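K.L.:
Give me the fold of what follows.
(chains A and B)
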Amino acid sequence: MSAPALGCTNTPVLKERGQREVFCGLTGIIWLHRKMQDAFFLVVGSRTCAHLLQSAAGVMIFAEPRFGTAILEEKDLAGLADAQTELDREVDRLLSRRPDIRQLFLVGSCPSEVIKLDLHRAAERMSVKHAPHVRVLNYSGSGIETTFTQGEDACLASMVPTLGTTAEKELLLVGALPDVVEDQAVALLAALGITKVRCLPARRSADALAIGPNTVFALLQPFLGDTHAALTRRGARHIPAPFPFGAEGTTLWLQAIATEFGVDPALFAKVTAAPRARAQKAVAAATQTLSGKSIFFFPDSQLEIPLARFLTRECGMTAIEVGTPFLHRDLLGPDLALLAHGPTISEGQDVDKQLTRARAARADLTVCGLGLANPLEAEGMATKWAIELVFTPVHFYEQAGDLAALFARPLRRRALLAPLAPKMEAAE
Amino acid sequence: MKLTLWTYEGPPHVGAMRVATAMKGLHYVLHAPQGDTYADLLFTMIERRDHRPPVTYTTFQARDLGGDTATLFKTACQDAVDRFAPEAIIVGASCTAELIQDNPAGLAGSMNLGVPVIALDLPSYQRKEGFGTDETFLQIVRHLAQPCARTEQITANLIGPTALGFRHRDDITELTRLLAEMGIGVNVVAPMGARPSDIARLGAAHFNVLMYPEHAESAARWLETNFKQPYTKTVPIGVGATRDFLAEVSKITGLAPKTDTTRLRLPWWTRSVDSTYLTGKRVFIFGDGTHVAAAARIAREEMGFEVAGLGCFNREMARPIRALAKDYGVEALISDDYLEVEAAIAALQPEMILGTQMERHIGKRLGIPCAVISAPVHVQDFPARYSPQMGWEGANVIFDTWVHPLVMGLEEHLLHMFRDDFEFHDDAGASHHGGAHKPREVRAEAAPAAAAAAGSMPDAGALLDQAVPVVQPSGEIVWLSDAEAELKKIPFFVRGKARRNTETYAQTKGVTAISVETLYEAKAYYAR
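P.N.:
Below is the predicted model:
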């Protein structure tokens, strides 16, 4: 598992601008509202925003959601109604109907940003009015400013200024992961003797977080650039590491933290040996399918580079193009260094040009959004929905096998259905 | 400003996409920010389309706003024409682009693109998806339809079917067949499957069949005024409506109505004694106005149900639906507020809901069976099989679809007889739905209370949780408490499998106490 000296660190990046086939940052609400169980996300936007959330959520999985859209109407835009007054009224109504809500996020959208509706002022005003029961924050999930997972980044960054202050040496894990995965991480760290661990976002607003100059933080997701900057401004220090995908990624991530906390190498080896071996075993099962296959990533979640690192180094795949909506070198440096030189690294998107490249490459597996998957399948290419990588627990040792299996499944399915080839008819 | 949790209709530009995606050889250049491309997945995922919708999004970002978004739009138009070589393009703005007032119509019109440019004016902050389909199709027809001689044979255009419609694909087939039986050919079907060049020859038909007023009534009126083409007013969903439709076609064409009903089964199915139990079932009907009106008539006249309430989400149909409700002695609910619809259903406590996929959800929450009769649609409303709503086969399909969610004849009696039986009680659900057995006590208290407390608990989860048998491993294998706790963190829909796999694994390894370690050893063992 020797690292190539610099890997893709200095690979020139193909920067593209044009039509982007990606979600906007509002989409993050789908998982953030599950993670923060006493929070409500109120998008201030248009019918399009409401329709997006409904469609992206797999259409109404939750009967009574903790998110909604305050839809701007003609009279709000024409200035006939004071949007701030209107918003106050809707929020009052919402909070009186949902007394279980302790945190309210006012989420900006494309229309609210274009008309320059000041949600920060609104949040401050409402925080005073509804204190101490409800804390009101704001961030923008608009498509003109954020791409898909950047919505989570904006949300977490908005929480940083509200965190308390501490002088304790504590570890902060940053990024919204499913509770079961977060628990695994905390248990592993505890086994290493690192017990002062907190998570951002906390599951409930009452689980108060505090940071200070002795706080060190580790990122769980590669798309948290603004949160990283906000934490740094508060004096916390980042522990750079590859992201915890796969056996190798998880080990290196833990190692970076262990080094920071001066964990005895023998203890580290003892704690990580068994789960690491399990992860390798589980990944090996999928590797039988993945080994020797090529992969092409359309940009989606910013997870692409760490995932390409995992698939090429642990599953024997070859990356042809690794597209990412935004390349944050400060955070992805360790992953880029491990990714062997070879693939095109692209940032941003001009979807038609990229489709031309993808068709020319005809990778064994193409990772793309839901809008492109069926059309590419109909052209005979195997695809993997990128969104599943964000909606599925994939971090750390115990999920390494699941992560590899997500990529193996489309290929296994194709093999199973081979007798129905060459071309299945799709819907008219 | 209005708070919305779930919406029945998308914004009007999604309506325009439904028209563009249904057609061939047409391209839609949409001035829109990054993120609006989500709408593509409605078509590629819900409808399983094998092509991207023919839409180019300009994808402007914040940094473009101070600069020249107009040039961005023009570049997108030129690229789209060069790349996709459409016969015509439609241009418009989504909600955000409407605010920056770049005037897509004027920009594209000034470009000399070499193809007809049809400008759409879809006010995003006033209107919705249904308006978008109707207005877009009207503009396409106005711009492209040319006066032309009538066909020699009597022909009709079938107008109204769009992408993402409820069973539009199969309704076309059924109607084509009904008309063929009368000796009437189909001139053009539009928008679905039509090219701009087909729109040009709409005028050759002798009349128009207006399949879905929601999507094509404006175009039907325009064609009536400008091409003197009459259009049918009856939507042929249900036996009675199909007969009326054929009579109307006969009146328009002078041809004798052919009512070859050899393949129609609904009348006998509903008269046969097994259907006695359907008598007077109280149903609540909600959806788009057209489908609701049709469903109400079928419910009362053809199924023997009692219509307990009805309504529609599209205000455009408010007037006819109010009149209809009066006829049925109920108050019409005209609303696109999901919570209001839910409250109405909860208050009425009908025995069945005939609704959209939104009401299916309400039904799940309230424990009321639901059959879907209208858009908005979900992936499961696009069946692989032939499944029209219109015509004789449509009536057959509707009978099956509406009866399926109900508990059937004799079984219903048994449930009444053994109402308090712990295994065989009326909370257990219809046996033919294959749900796992639900013991009575657990459900009565725990699930609703938990759902209320959590606020947004996935309701299916609450039910399925109970479906997982509480295994008391026979003697040898026990779950240590931390492993049991870990298991509970696994999503409900794989928890049963995880439990089984872990126990099997433990058995083969001779492990008698399952720890967290065992759980994950097993997980790795079964990983694939």
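K.L.:
okay, now the domains of the chain?
P.N.:
Looking at chain A here, since you left the chain open. A:13-20+A:279-420, A:25-146, A:164-260 (automatic domain parsing).
K.L.:
let's do chain B instead
P.N.:
When chain B is parsed into structural domains using automatic domain parsing, the resulting residue ranges are B:12-129, B:145-253, B:266-406, B:411-467, B:478-526.
K.L.:
With distance to chain A, mean pLDDT and mean neighbour count added, can I get the ones you listed in CSV?
P.N.:
From N, CA and C alone the C-beta is placed, and that goes for glycine too. Output for the domains of chain B, formatted as CSV (distance: least, CB to the nearest CB, whole Å; pLDDT from 0 to 100; neighbours: other CB atoms under 10 Å in any protein chain shown):
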stretch, distance to chain A, mean pLDDT, mean neighbour count
domain B:12-129, 3, 95, 21
domain B:145-253, 6, 97, 21
domain B:266-406, 5, 94, 20
domain B:411-467, 5, 45, 14
domain B:478-526, 4, 84, 17
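K.L.:
ok, back up a step: out of the domains of chain A, which gets the lowest mean score?
P.N.:
Among these, domain A:25-146 carries the lowest mean pLDDT, at a mean of 90.
K.L.:
can you tell me which helix in chain B is longest?
P.N.:
In chain B, with assignment by DSSP state H, the single longest helix is helix B:492-509.
K.L.:
could you dump the domains of chain B to TSV with distance to A:G246?
P.N.:
Below are the domains of chain B laid out as TSV (distance: least, CB to CB, whole Å):
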stretch	distance to A:G246
domain B:12-129	29
domain B:145-253	39
domain B:266-406	32
domain B:411-467	30
domain B:478-526	13
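K.L.:
Test my guess that B:A216 contacts B:N157.
P.N.:
No. Under the criterion of CB atoms under 8 Å, B:A216 is not in contact with B:N157, lying 9.5 Å apart.
K.L.:
can you count the residues close to A:Q255?
P.N.:
16 (other CB atoms under 10 Å in any protein chain shown).
K.L.:
Of the domains of chain B, which is nearest A:I115?
P.N.:
The minimum distance between A:I115 and those falls on domain B:12-129, with 6.3 Å, by CB to CB.
K.L.:
Would you pull up how far that closest one lies from the middle of the chain?
P.N.:
Going by CA atoms, centre = their mean, to the nearest Å, the spacing between the C-alpha centre of domain B:12-129 and its chain's C-alpha centre is 24 Å.
K.L.:
Pick out the residue nearest the middle of chain B.
P.N.:
Nearest to the geometric centre of chain B sits B:V377, at 2.0 Å (CA atoms, centre = their mean).
K.L.:
whoops, I mixed them up, chain A
P.N.:
For chain A, the residue sitting closest to the mean C-alpha position, by CA atoms, centre = their mean, is A:T149 at 4.6 Å.
K.L.:
before we move on, what SS does the residue nearest to that one when sequence neighbours are not counted have?
P.N.:
Excluding the flanking residues, the one nearest A:T149 by CB to CB, 6 or more residues apart in numbering or on different chains is A:F223, at 4.1 Å. Three-state assignment for A:F223 (DSSP: H, G, I helix; E, B strand; the rest coil): coil.
K.L.:
Now the phi/psi pair for A:F223, please.
P.N.:
phi -100, psi 20 (degrees, to the nearest 10).
K.L.:
Please name the residues that touch it.
P.N.:
Under the criterion of CB atoms under 8 Å, 6 or more residues apart in numbering or on different chains, the neighbours of A:F223 are A:T149, A:Q150, A:E152, A:D153, A:S301, A:Q302, A:L303, A:F326, A:H328.
K.L.:
what's the neighbour count on the fourth one?
P.N.:
Other residues within reach of A:D153, judged by other CB under 10 Å, total 28.
K.L.:
Report the separation between it and A:E145.
P.N.:
From A:D153 across to A:E145, the span is 11 Å (CB to CB, to the nearest Å).
K.L.:
buried residues in the helix or strand containing A:D88?
P.N.:
Counting by DSSP states H and E, the element that carries A:D88 is helix A:83-97. Of the residues in helix A:83-97, those with enough neighbours to count as buried (16 or more other CB atoms under 10 Å in any protein chain shown) are A:A83, A:E86, A:L87, A:D88, A:E90, A:V91, A:L94, A:L95.
K.L.:
Can you pull the phi and psi angles for A:A208?
P.N.:
Per degrees, to the nearest 10, the backbone of A:A208 is at phi -60, psi 140.
K.L.:
Excluding residues flanking it in the chain, which one is nearest it?
P.N.:
Once its chain neighbours are removed from consideration, A:A208 has its nearest residue in A:G164; the separation is 5.9 Å (CB to CB, 6+ apart).
K.L.:
And B:V478, by the same measure?
P.N.:
B:A513 (5.5 Å).
K.L.:
Likewise for A:R313?
P.N.:
Leaving aside its sequence neighbours, A:R313 is closest to A:E248 (6.1 Å, by CB to CB, 6+ apart).
K.L.:
Shouldn't that neighbour be within a helix?
P.N.:
Yes. Counting by three-state DSSP, one finds A:E248 located in a helix.
K.L.:
I figured it was touching A:E314, is that so?
P.N.:
Yes. Taking CB under 8 Å as the contact criterion, A:E248 and A:E314 are neighbours in contact, 5.8 Å apart.
K.L.:
Distance from stretch A:344-359 to the middle of the chain?
P.N.:
On the basis of CA atoms, centre = their mean, stretch A:344-359 sits 21 Å off its chain's mean C-alpha point.
K.L.:
Would you mind giving the secondary structure of the nearest residue to B:P86 once chain neighbours are set aside?
P.N.:
Nearest residue to B:P86, sequence neighbours excluded (CB to CB, 6+ apart): B:H27, at 3.8 Å. B:H27 carries the three-state label strand when classified by three-state DSSP.
K.L.:
so who does B:H27 touch?
P.N.:
When contacts are counted by CB under 8 Å, 6+ apart, B:H27 is found next to B:A20, B:P54, B:V55, B:T56, B:A80, B:V81, B:F84, B:P86, B:A88, B:I89, B:I90.
K.L.:
mind listing what the second one touches?
P.N.:
Translated: B:P54. For B:P54, the contact set (CB under 8 Å, 6+ apart) comprises B:A20, B:T21, B:M23, B:L26, B:H27, B:Y28, B:F84, B:P86.
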